[in-house]
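Engineer: sequence below, structure please.
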Amino acid sequence: MQINDKSGLTEYKASSERYNIMKYNRSGKSGLLLPAISLGLWHNFGEVDNMLNARYILRTAFDLGITHFDLANNYGPPFGSAEETFGLIFKKDFKQYRDELIISTKAGYDMWPGPYGNLGSRKYLIASIDQSLKRMGLDYVDIFYHHRPDPDTPLEETMIALSDIVRQGKALYVGISNYQAKETAEASKLLKELKVPFVIHQARYSLFDRWVEKSLLNTLDNNGLGCIAFSPLAQGMLTDKYLNGIPKDSRAFKNFTYLDTAQVENNLNKIQELNKVAKNRNQKLSQMAISWLLAQKNITSVLVGASSPNQLKENVKSLDNLKFSKEELNIIDDILNFSGK
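Structural biologist: Below is the predicted model:
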């Protein structure tokens, strides 16, 4: 994999207006500020994807003030290739801006064959960060996450591994993802004892998926932690794509992982009603979905994916209208049959 120097792109110089566009939020009680919208490289940055498009997306993101690029060791496909793609683009376009960037990666899901390529052992996590840094051509990442809890490895072992990764200078901060409230509180206690800068939890959260409101957000608040929400558009259901049914070129029609036709059909009426609220706010449905998240307690940033620069620009317009009236919030809850936290 390599960058084609005949792509026609000129040498990248970041927009001087980038910090006038974006809003930045503190992650819990830490010193770390994150952009209200962060860019996830889960899709569209693998070996199978278009490198030129990936460069355009990353350049556009930074020009919009998005300073946080979020990866994981197994993003691709194939595994590891999103980090490799990012590393090539970073070297070409962003190396001079390293101190303005927050680069995060994760380990916790299946990565390589055998008993040491998955979950949360010390063996796996330390090998993973070393591999990730090599793929990206970095000396350190800003945030290193444990991607999911490991039911069979003692939590203390996982947290000590995260601590040692910080002590070795391979990460500045640590985070966790997909942990329940009780596990999060336990992890926070251990990391505080180890004096590790634990700053953030990455959780799935959207208008259609509000599990974090039951207890996780309060746990994060009580422990001085921020939250970054992933899958904010519910795999595309909270966009214009499904307003009139299921297009044949859509993820749902093809029954891709995490979304199928039944899910869309079951939520179609809600999607259409939510869109009416968005229109009254002069927003697209996707923009309202992001704005709504940023209006919630303890949400530091919303993690979006993008298949094109224009899609990213549309998402950033969410910041133009972040306030919701009590009436709007009640209407949204009624549409979703949501009766309280």
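Engineer: quick one, helices of the protein?
Structural biologist: 18-21, 51-63, 81-89, 122-136, 155-167, 181-193, 216-222, 261-280, 285-294, 309-316, 326-335 (DSSP state H).
Engineer: buried residues, stretch 333-340. List them.
Structural biologist: For stretch 333-340, a neighbour-count test (16 or more other C-beta atoms under 10 Å) marks residue 335 as buried. All C-beta spots, glycine's among them, are computed from the backbone N, C-alpha and C.
Engineer: CA atoms only: put that stretch into CSV for me.
Structural biologist: Provided in CSV are the C-alpha atoms of stretch 333-340 (Å, rounded to 0.1, in the frame of the first residue of the first chain):
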residue,chain,number,x,y,z
ASP,A,333,-39.2,11.0,23.8
ASP,A,334,-42.8,10.5,22.8
ILE,A,335,-41.8,9.4,19.3
LEU,A,336,-39.4,6.9,20.7
ASN,A,337,-41.8,5.7,23.4
PHE,A,338,-39.1,6.7,26.0
SER,A,339,-40.5,7.1,29.5
GLY,A,340,-37.4,8.1,31.5
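Engineer: show the contacting residues for the nearest residue to residue 192 once chain neighbours are set aside.
Structural biologist: In space, residue 192 comes closest to residue 198 once its chain neighbours are excluded; the distance is 7.4 Å by C-beta to C-beta, 6 or more residues apart in numbering. Applying C-beta atoms under 8 Å, 6 or more residues apart in numbering, we find residue 198 in contact with 162, 173, 174, 175, 176, 187, 188, 191, 192, 225.
Engineer: do the same with residue 223
Structural biologist: Here residue 223 is in contact with 28, 184, 185, 188 (criterion: C-beta under 8 Å, 6+ apart).
Engineer: how much space between it and residue 216?
Structural biologist: 11 Å (C-beta to C-beta, to the nearest Å).
Engineer: anything in contact with each of the two?
Structural biologist: residue 184.
Engineer: sorry, back to before: which of the contacts of residue 223 are buried, as a ChimeraX select command?
Structural biologist: ChimeraX command restricting the contacts of residue 223 to the buried ones, with burial defined by 16+ other C-beta under 10 Å:
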select :28,184,185,188
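Engineer: tabulate the contacts of residue 223 in JSON lines, adding columns for pLDDT and distance to residue 112.
Structural biologist: Shown next, in JSON lines, are the contacts of residue 223 (pLDDT from 0 to 100; distance: C-beta to C-beta, whole Å):
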{"residue": "28", "pLDDT": "98", "distance to residue 112": "33"}
{"residue": "184", "pLDDT": "98", "distance to residue 112": "28"}
{"residue": "185", "pLDDT": "98", "distance to residue 112": "31"}
{"residue": "188", "pLDDT": "98", "distance to residue 112": "30"}
